[in-house]
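how does the following fold in three dimensions:
(chains A and B)
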Amino acid sequence: MSKLLEVKDLAVSFNTYNGEVQAVRGVSFDLNKGETLAIVGESGSGKSVTTSALMGLLPKPQGVIKSGEILFEGEDLVKKSNKEMQKIRGKDMSMVFQDPMSSLNPTMKVGNQIMEGLIKHQNMNRSDARKKAIELLDQVGIPNPEIRINQYPHQFSGGMRQRVVIAIALACNPKVLIADEPTTALDVTIQAQILELMKNIQKETDSAIIFITHDLGVVANVADRVAVMYAGKVVEYGTVDDIFYNPKHPYTWGLLGSMPTLDNADEELYAIPGSPPDMLNPPKGDAFAPRNKFALEIDAVMEPPMFKVTDTHYAATWLLHEDAPKIEPPESVKKRMQGFANSGGDQ
Amino acid sequence: MAEDKILEVKNLQKHFHAGRHKTVKAVDGVTFDIYRGETFGLVGESGSGKSTTGRTIIRLYEATGGEVKFNGEDVHGKKSKEELLKFNRKMQMIFQDPSSSLNPRMTVMDIIAEGLDIHKLVKNEKERKARVEELLQVVGLNKEHANRFPHEFSGGQRQRIGIARALAVEPDLIIADEPISALDVSIQAQVVNLLKKLQKDRGLTYLFIAHDLSMVKYISDRIGVMYLGNLVELADSDELYNNPIHPYTKSLLTAIPLPDPEYERNRIRVPYDPTVHDTSEEPEFREISPRHWVRCTSKEFEQYKKELK
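Numbering: from 1, shown residues only, chains lettered A, B, ... in the order given. Next comes the predicted model:
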């Protein structure tokens, strides 16, 4: 597989009146052609900031890339000027945002919004762009595209609006599509339709998708690989099966444990105590240690490096160190993993 | 029936005027009972009328038609101030968005004690303070938090304040309208565990409104599924998940992604097609097997019954 995008030790900070907020503190991952990488984490874990940095959309001047490289087909995007980024955004890399209402221009017909990128990046004339826009609307499953193209966003329902946003993102056949919580604002049945749509489009165009979400159900549905983020770092990283069936990091255990399955009504949910740390003063050592009942003494002093579990699976927890005591995941999480393994396929 | 009904909702309707000649029938004839001590889950997509149902029951909206009986008494219709006061005390609500449902200019102490003051449940300042501090402890906050303002708290903590406020007047029934949707996953589990614990300790009854079906399944004893202002199916939660009958329920259940990649690879979604229904007569809510109700016509009723076996 060819690496399309490589992020190396990316760190992003925001300068605020209260001081420097270290939103992302050294994130590394890569993205191959045609695959879906899901980034999961709570709000404030830095997942959205990471993707804003990839797209060159950090608010200036507060948002600063402190260090790191973003290699897209070998070129470092961090070094590019805004003008150069404009040529990449919408063409090679495009983005689908969470709220379709606020990412569409309410005073512009949806057709013009789709055509904008085509005219700008692919030098199409208006009538060709219009034809292509109708085609795109049809591709994302909007009925009567010839009529709909002349309508305004408010004339569309939430799910339909998100389809329009996806059509805009796909207009120039991007190599990387970044979807930042694209279905969070939508109902389950609409969510299912949008996810199916994205998967079908990926099959057709072979584009790579970075999918940001906090919904582990959605992750299990769309992802090939998963990166779990906490407090500005990737704490665990692996294929979707690694993360769901053999999680190693206590935070991942917590995330999995806090989701009810369909047959555990009697047990208490395994909740992670406390709340995420304040990134103005990130804690010393392992940021998750204060909420982690398996924390070791070393967690308070030194940050754990990424330990290798298998070739595809890495986790940043001292529990994987050879001198660490053997700790089993909590019973409820283990049972869940087992339950998953058994229930797989039926129903 | 042996079970004690705390709330009886009969043919509840709520229509909104939208423009001069248009009405939106947000809730159009909903009937269900809630038994004392249980958790009744109400699910549906946005626009299905689930929140309107909750808000109409607690009289945030005036009902267009139908009746709501709480502890055997009709709570709608004209009421004297005293009667309303009594009713308001026994039924409380927890809202979805904890930042907009708490007054930003009041301290946590005053927010929680507001109900105590209105219902004159405390005699003096000292008792008031003690009561608030006790409530804060119950929901897992510190008593030092009492003098702070809502903006000083995180989302999960604010929701705990909302729960403490609802508990202050010792209600029998709490209507929780999407109480966890605005919270992070790890915080959701904390709040759900808290709600479950409070129910066990205090014998509370919940009407739990949500769109997250796996969470509703986890917390509820019985579940009602709403679609376009009507209840389409109502059953014990296990029964509903194992034997969904109404096509809409089926489509809803097959649409939820579960945190299990293997299951996800094999999940086949059944989309809902509203045209499959028999239109020869107006559908009614019928009991298809004990405690399992489905909205259907008499023809569909026979058909569903066969499916069930």
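
and the helix ranked longest in chain A, what's buried?
Longest helix in chain A by number of residues (criterion: DSSP state H): helix A:188-205. Using 16 or more other C-beta atoms under 10 Å in any protein chain shown as the test for burial, helix A:188-205 gives A:188-195, A:197-198, A:201-202. Every C-beta, even on glycine, is put in place using the N, C-alpha and C of the backbone.

and the residue nearest the centre of chain A, what are its bridge partners?
Taking C-alpha atoms, centre = their mean, the centroid of chain A lies closest to A:I212, which sits 2.0 Å from it. Applying DSSP bridges to A:I212 yields these beta-bridge partners: A:I39, A:D180.

for it, give me its contacts.
With contacts defined as C-beta atoms under 8 Å, 6 or more residues apart in numbering or on different chains, the neighbours of A:I212 are A:38-40, A:47-48, A:51, A:178-181.

for chain B, state which of the residues you listed is nearest.
A:V40 (8.9 Å; C-beta to the nearest C-beta).

how about low-confidence regions in chain B?
For chain B, applying pLDDT under 70 flags the ranges B:1-2, B:78, B:309.

give the next helix or strand downstream of the longest helix anywhere in it.
Longest helix of chain B, by residue count under DSSP H: helix B:185-202. Going down the chain from helix B:185-202, the next helix or strand is strand B:205-210, by DSSP states H and E.

now A:T50: phi and psi?
phi -60, psi -50 (degrees, to the nearest 10).

now the strands for the stretch 51-200 of chain B?
B:65-70, B:73-74, B:91-94, B:173-177 (DSSP state E, counting those that start in this stretch).

between those strands, which gets nearest to B:S214?
Closest of the strands of the stretch 51-200 of chain B to B:S214 is strand B:173-177, at 16.3 Å (criterion: C-beta to C-beta).

mind giving me the packing neighbours of the closest one?
Secondary-structure packing of strand B:173-177 (3 or more C-beta pairs under 8 Å, 6 or more residues apart in numbering or on different chains; DSSP states H and E): helix B:50-57, strand B:91-94, strand B:205-210.

okay, these in TSV with mean neighbour count next?
As requested, the helices and strands packed on strand B:173-177 are arranged in TSV below (neighbours: other C-beta atoms under 10 Å in any protein chain shown):
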stretch	mean neighbour count
helix B:50-57	24
strand B:91-94	23
strand B:205-210	25
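
now distance to B:K306 too, for the ones you listed, in a markdown table please.
Below are those laid out as a markdown table (distance: least, C-beta to C-beta, whole Å):
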| stretch | distance to B:K306 |
| --- | --- |
| helix B:50-57 | 30 |
| strand B:91-94 | 41 |
| strand B:205-210 | 32 |
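
reformat these as a markdown table; add distance to chain A.
Compiled in a markdown table, the helices and strands packed on strand B:173-177 are given as follows (distance: least, C-beta to the nearest C-beta, whole Å):
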| stretch | distance to chain A |
| --- | --- |
| helix B:50-57 | 12 |
| strand B:91-94 | 18 |
| strand B:205-210 | 11 |
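
out of these, which comes closest to B:P150?
strand B:91-94 (14.6 Å).

just checking: what are the partner strands of that closest one?
Strand B:91-94 is paired, per DSSP bridges, with strand B:173-177 (parallel).

give me the angle between the strand it pairs with and helix B:50-57.
Put simply, strand B:173-177 runs at 150 degrees to helix B:50-57, going by axes from the mean of the first three to the mean of the last three C-alpha atoms, to 10 degrees.

thinking again about what came up before, of all the strands of the stretch 51-200 of chain B, which one is nearest A:E6?
With C-beta to C-beta, the closest approach to A:E6 among these belongs to strand B:173-177: 45.3 Å.

that closest one vs strand B:65-70, what angle?
Using the same axes, to 10 degrees: strand B:173-177 against strand B:65-70 is 130 degrees.

next, count neighbours for residue 127.
No chain in the question, so chain A it is. By the criterion of other C-beta atoms under 10 Å in any protein chain shown, A:S127 has 9 neighbours.

not what I meant, chain B
Neighbour number of B:E127 under other C-beta under 10 Å is 12.

that older thread, mind giving me the PyMOL select for the contacts of A:I212, buried ones only?
The buried subset of the contacts of A:I212, as determined by 16+ other C-beta under 10 Å, is captured in PyMOL by this line:
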select buried, chain A and resi 38+39+40+47+48+51+178+179+180+181
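
now pLDDT and distance to A:D92 too, for the contacts of A:I212, in TSV please.
Shown next, in TSV, are these (pLDDT from 0 to 100; distance: C-beta to C-beta, whole Å):
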residue	pLDDT	distance to A:D92
A:A38	96	21
A:I39	95	19
A:V40	93	25
A:K47	89	21
A:S48	88	20
A:T51	90	15
A:I178	94	11
A:A179	93	16
A:D180	90	17
A:E181	88	22
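
can you list the contacts of A:I212 in a markdown table and add distance to B:K22?
Listed next are the contacts of A:I212 as a markdown table, based on distance: C-beta to C-beta, whole Å:
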| residue | distance to B:K22 |
| --- | --- |
| A:A38 | 43 |
| A:I39 | 44 |
| A:V40 | 43 |
| A:K47 | 43 |
| A:S48 | 40 |
| A:T51 | 42 |
| A:I178 | 41 |
| A:A179 | 37 |
| A:D180 | 36 |
| A:E181 | 34 |
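
quote the end-to-end distance of stretch A:147-155.
End-to-end distance for stretch A:147-155: 12 Å, by C-alpha to C-alpha, to the nearest Å.

what about the helices in chain A?
Ranges of helices in chain A, per DSSP H, are A:47-55, A:82-88, A:100-103, A:110-122, A:126-139, A:145-148, A:158-170, A:188-205, A:216-222, A:240-245, A:250-257, A:331-343.

do the stretch 151-300 of chain B as well
Per DSSP state H, counting those that start in this stretch, the stretch 151-300 of chain B carries helices over the ranges B:155-167, B:185-202, B:213-219, B:237-242, B:247-255, B:261-266, B:298-308.

what is the fourth one packed up against?
Same thing as helix B:237-242. Partner elements for helix B:237-242 (3+ C-beta pairs under 8 Å, 6+ apart): helix B:213-219, strand B:222-227.

most tightly packed of those?
The highest mean neighbour count among the helices and strands packed on helix B:237-242, using mean count of other C-beta atoms under 10 Å in any protein chain shown, belongs to strand B:222-227: a mean of 25.

other SSEs contacting that one?
Counting by 3+ C-beta pairs under 8 Å, 6+ apart, strand B:222-227 packs on strand B:39-43, strand B:230-236, helix B:237-242, helix B:247-255.

so what touches the longest one?
Counting contacts by C-beta under 8 Å, 6+ apart, the residues outside helix B:247-255 that touch it are A:188-189, A:191-192, B:43, B:45, B:213, B:225, B:227, B:232-233, B:240-241, B:244, B:267-274, B:276-277.

now, of those residues, which are buried?
Buried subset of the contacts of helix B:247-255 (neighbour count, 16+ other C-beta under 10 Å): A:188-189, A:191-192, B:43, B:45, B:213, B:225, B:227, B:232-233, B:240-241, B:244, B:267, B:269, B:272, B:277.

quick one on the thing from earlier: need the max-distance pair from the contacts of A:I212.
A:V40 and A:I178 (14.6 Å).

excluding residues flanking it in the chain, which one is nearest the residue of the stretch 1-150 of chain A found nearest chain B?
The nearest approach of the stretch 1-150 of chain A to chain B comes at A:E42, 4.2 Å away (C-beta to the nearest C-beta). Among residues not flanking A:E42 along the chain, B:D184 sits closest, at 4.2 Å (C-beta to C-beta, 6 or more residues apart in numbering or on different chains).

thank you, goodbye.
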